[in-house]
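Enquirer: Just to be clear, the model below is a prediction. Sequence and coordinates:
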Amino acid sequence: MISLGTLAENSLKAISALTSSDRAANQATKRLATGEKINHAADDAAGMAMAARMQSHIVSMQQGIQNGLDAINLIRTADSVLGDLIDITQRMRELYLQKENGTQGTEEQAIIQEEIDGLRLSLTELARQSEFNAEPLFMEVREVPFIVGATMNGPIAVDLPKLVNTTDTPKSFENGDFEADAPGSPSITGWDVVEQVIIFGTDTIAGHTTPTDNVSTGTDQNTPNNSGSMEVTPSSAQYSQGSQSVRLTSTGITTQAGYDTVRGPALVSKESLRMKVGDTMSFDWRAQGGGDAYDVYAYLLNVDTGDTVEILNDTGATAGATTNWQSESVTIANEGTYRFVFVGGTFDATGGQAAGAQLFVDNIVATTTVTTYDYALATGSLSEVDQSIGTLLSHRAQFGATINRITHAVDSLTMTGVNLQASQSVLTDTNYTEETSKLAAASIINQAATNVLEQTHEASKRVLTGVIRSTNTS
């Protein structure tokens with residue numbers, strides 16, 4: 001008869017086998033489900049570390065490949081532009097040959113030269129507007145590095161040439177010192193004049209409505225009973241520099257009621273200046289009463305938006321009030337295209353309805369720059385054109401060589417990446433044949449161990465039953 005000790009030993013062995021088979025079955029099931037051989041560090045600590053390093057290298061190489069493809073696109077874009085520049089320059093060469101032929105008359109040569117000049121402008125604009133990813137390609141000499149690999153070591157670089165020269169020229173309003181015309185001239189170089197009453201907020205100057213300006217005393221914007229006479233002219237009577245200024249005069253005005261303000265005449269710059277944020281504009285001015293007190297105003301007109309920026313707004317307190325020369329300036333807060341507007345005027349400070357005054361303006365300055373562009377390579381003669389073509393071809397040769405280097409690097413990275421992924425796959429990917437066999441073996445062991453436990457359980461019951469019966473008999 002089997003002893004209880006033997007049954008207990010068999011039961012423990014069956015439980016141990018069942019536990020091991022369950023563990024093996026679970027591991028095989030997880031590997032089959034995820035496709036990964038290593039799901040936890042305990043599965044293979046060294047293998048997991050190796051696989052992680054390989055994955056990092058693979059991802060880096062994939063980015064290196066993308067960098068290389070982007071680099072090729074940039075260089076091909078630059079190379080395409082150079083091809084167009086060469087085509088234009090070759091056309092210029094044809095025109096120089098045609099121009100110097102003895103059959104061409106003076107008029108024909110002038111026409112050919114006009115086309116040559118137009119082609120040079122085309123060269124400038126094409127080179128200036130060429131960009132990649134919003135970055136200019138040919139505005140300065142620069143080396144562009146490309147990281148075509150898994151590390152920062154040994155980038156492949158391409159040299160982009162400077163094909164456009166830029167020149168910043170200080171720019172101001174024309175005839176800002178009012179020295180270009182003789183005193184008393186009815187016209188002023190660079191400036192428009194308005195010799196009539198101007199009602200702010202209603203009348204227009206330079207195509208835009210004048211600003212509003214409410215006065216603190218009396219009534220503004222009334223049309224006078226008698227507008228008198230208004231004049232804008234260069235004057236040698238007053239000046240802050242040089243020998244002249246411009247004078248805005250109103251005389252013989254009769255206001256509609258006492259303490260009225262009447263505005264006019266006006267001076268407006270013909271030229272519009274493109275101003276950047278931080279640029280400044282300034283001028284000198286002086287006012288004096290005549291028929292009564294003065295009322296003067298000046299502003300910048302943004303012709304892009306119609307917005308105005310007040311620079312000067314001053315009114316004399318008494319009929320004979322006179323100012324000394326003084327300066328006003330403004331810093332541009334919003335980029336735009338601006339014109340200067342000066343408006344003279346008079347205030348009936350005494351209430352007697354007779355009015356008139358003078359405003360002198362001088363030394364108008366705008367501190368801004370105008371940038372001009374020109375093609376950097378010389379094209380003024382046939383020999384210069386030939387030299388320019390040679391320079392462009394040299395750059396294209398460098399571009400082509402760099403593209404070939406990057407292409408070879410990308411191909412090498414691609415093959416290395418494929419092999420590295422294969423190596424990583426060996427470490428991490430599930431061997432479905434092996435794991436299926438392990439799962440089947442574990443299932444068999446599991447079933448056998450379960451049967452052994454059941455048989456051991458039955459045998460234990462029989463042994464216990466026999467013991468009980470033996471005890472009862474005795």
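Expert: Received the coordinates, thanks. These figures come from a predicted structure and were not determined experimentally.
Enquirer: host element of the closest residue to S185 other than its chain neighbours?
Expert: Sequence neighbours aside, P234 is the residue nearest to S185 in space, at 5.5 Å (criterion: C-beta to C-beta, 6 or more residues apart in numbering). Using the backbone N, CA and C atoms, a C-beta is placed for each residue, glycine as well. Using DSSP states H and E, P234 maps to strand 229-235.
Enquirer: can you list contacts of that strand?
Expert: 178, 181-186, 188, 193-197, 244-252, 264-267, 344, 360 (C-beta atoms under 8 Å, 6 or more residues apart in numbering).
Enquirer: Just those: which are in strands?
Expert: 193-194, 245-252, 264-267, 344, 360 (DSSP state E).
Enquirer: Could you pull out the strands in the stretch 351-474 of the chain for me?
Expert: 354-375 (DSSP state E, counting those that start in this stretch).
Enquirer: Which of the three states applies to M139?
Expert: Under DSSP: H, G, I helix; E, B strand; the rest coil, M139 falls in the coil class.
Enquirer: and the gap between the closest residue to it other than its chain neighbours and F138?
Expert: Take M139 and drop its neighbours on the chain: the residue closest to it by C-beta to C-beta, 6+ apart is V164, 5.5 Å away. Applying C-beta to C-beta, to the nearest Å, the value for V164 to F138 is 6 Å.
Enquirer: Pull up the overlap in contacts between these two.
Expert: Here V164 and F138 share the contacting residues A127, R128, scored by C-beta under 8 Å, 6+ apart.
Enquirer: hey, what's S235 bridged with?
Expert: S245 (DSSP bridges).
Enquirer: quick one on the thing from earlier: any of the ones in strands among the contacts of strand 229-235 buried? List them.
Expert: 193-194, 245-250, 264-267, 344, 360 (16 or more other C-beta atoms under 10 Å).
Enquirer: Looking at the residues you listed, which has the smallest pLDDT value?
Expert: Among those, G264 has the lowest pLDDT, at 92.
Enquirer: Isn't that one up against G344?
Expert: Yes. Using C-beta atoms under 8 Å, G264 is in contact with G344, at 6.6 Å.
Enquirer: list the residues that contact both of those two?
Expert: With C-beta under 8 Å, 6+ apart as the test, G264 and G344 both reach M230, S250.
Enquirer: okay, the angle between the helix ranked longest in the chain and strand 354-375?
Expert: Longest among the helix segments of the chain by residue count, using DSSP state H, is helix 45-99. If you take axes from the mean of the first three to the mean of the last three C-alpha atoms, to 10 degrees, helix 45-99 sits at 100 degrees to strand 354-375.
Enquirer: Who are the packing partners of helix 45-99?
Expert: helix 106-129, strand 131-132, strand 142-146, strand 156-160, helix 382-428 (3 or more C-beta pairs under 8 Å, 6 or more residues apart in numbering; DSSP states H and E).
Enquirer: now what about the second one, what contacts it?
Expert: Looking back up the chat, that one is strand 131-132. In contact with strand 131-132 (C-beta under 8 Å, 6+ apart) are residues N73, L74, T77, A78, L137.
Enquirer: Around the residue nearest to S185, count how many other residues there are.
Expert: Other residues lying near P234 total 24 when counted by other C-beta atoms under 10 Å.
Enquirer: repeat for D307
Expert: Neighbours around D307, by other C-beta under 10 Å: 15.
Enquirer: Could you do I364 as well?
Expert: 25.
Enquirer: gap between it and S240?
Expert: 10 Å.
Enquirer: swap in N67?
Expert: 61 Å.
Enquirer: The two: which is more packed in?
Expert: Comparing N67 with S240 by neighbour count (other C-beta under 10 Å), the higher total belongs to N67, at 21 against 17.
Enquirer: Contact partners for that one?
Expert: F146, I147, V148.
Enquirer: of these, buried ones?
Expert: Buried among the contacts of N67 (16+ other C-beta under 10 Å): F146, I147, V148.
Enquirer: Would you verify that the last one is located in a helix?
Expert: Put plainly, it is V148. No. Using three-state DSSP, the assignment for V148 is coil, not a helix.
Enquirer: That one contacts Q63, correct?
Expert: No. Assessed by C-beta under 8 Å, V148 is found out of contact with Q63, at 10.0 Å.
Enquirer: nearest to N226, of the ones in strands among the contacts of strand 229-235?
Expert: Taking C-beta to C-beta as the measure, N226 lies nearest G252 of these, at 6.7 Å.
Enquirer: Could you find the closest non-adjacent residue to that closest one?
Expert: G228 (3.2 Å).
Enquirer: Now do the same for that neighbour: its pLDDT.
Expert: The predicted local confidence for G228 is 93.
Enquirer: What backbone torsions are found at it?
Expert: phi 60, psi -140 (degrees, to the nearest 10).
Enquirer: Count the neighbours of it for me.
Expert: 20.
Enquirer: how about it, what does it touch?
Expert: S250, T251, G252, I253, T254, G291, A355, G356.
Enquirer: same question, G190
Expert: F173, E174, N175, G176, A180, S269, K270, E271.
Enquirer: what about the third one, how many neighbours?
Expert: Looking back up the chat, that one is N175. 19.
Enquirer: how close does L413 sit to L69?
Expert: 11 Å.
Enquirer: Pick out the residue closest to the middle of the chain.
Expert: Centroid check for the chain by C-alpha atoms, centre = their mean gives A134 as the closest residue, at 7.0 Å.
Enquirer: Let me know the pLDDT of it.
Expert: Confidence score, pLDDT, at A134: 92.
Enquirer: who's in contact with it?
Expert: A134 neighbours (C-beta under 8 Å, 6+ apart): none.
Enquirer: phi, psi of it?
Expert: Phi and psi for A134, reported as degrees, to the nearest 10, are phi 70, psi 10.
Enquirer: Quickly note the distance from it to Q63.
Expert: Taking C-beta to C-beta, one finds A134 at 21 Å from Q63.
Enquirer: repeat for A71
Expert: Between A71 and Q63 the distance is 12 Å, computed by C-beta to C-beta.
Enquirer: now the residue nearest to A266 when sequence neighbours are not counted: how far from P265?
Expert: If the residues on either side of it in the chain are set aside, A266 comes closest to V194, at 4.0 Å by C-beta to C-beta, 6+ apart. Distance, V194 to P265, by C-beta to C-beta: 6 Å.
Enquirer: Identify the nearest residue to D168 in space, disregarding sequence-adjacent positions?
Expert: Among residues not flanking D168 along the chain, T369 sits closest, at 4.3 Å (C-beta to C-beta, 6+ apart).
Enquirer: Kindly apply the preceding question to I389 instead.
Expert: According to C-beta to C-beta, 6+ apart, the nearest residue to I389 is T89 (5.3 Å).
Enquirer: any weak-confidence spans in the chain?
Expert: For the chain, applying pLDDT under 70 flags the ranges 1-45, 47-48, 216-222, 424-435, 437-474.
Enquirer: what pairs with Y294 across the strands?
Expert: T346.
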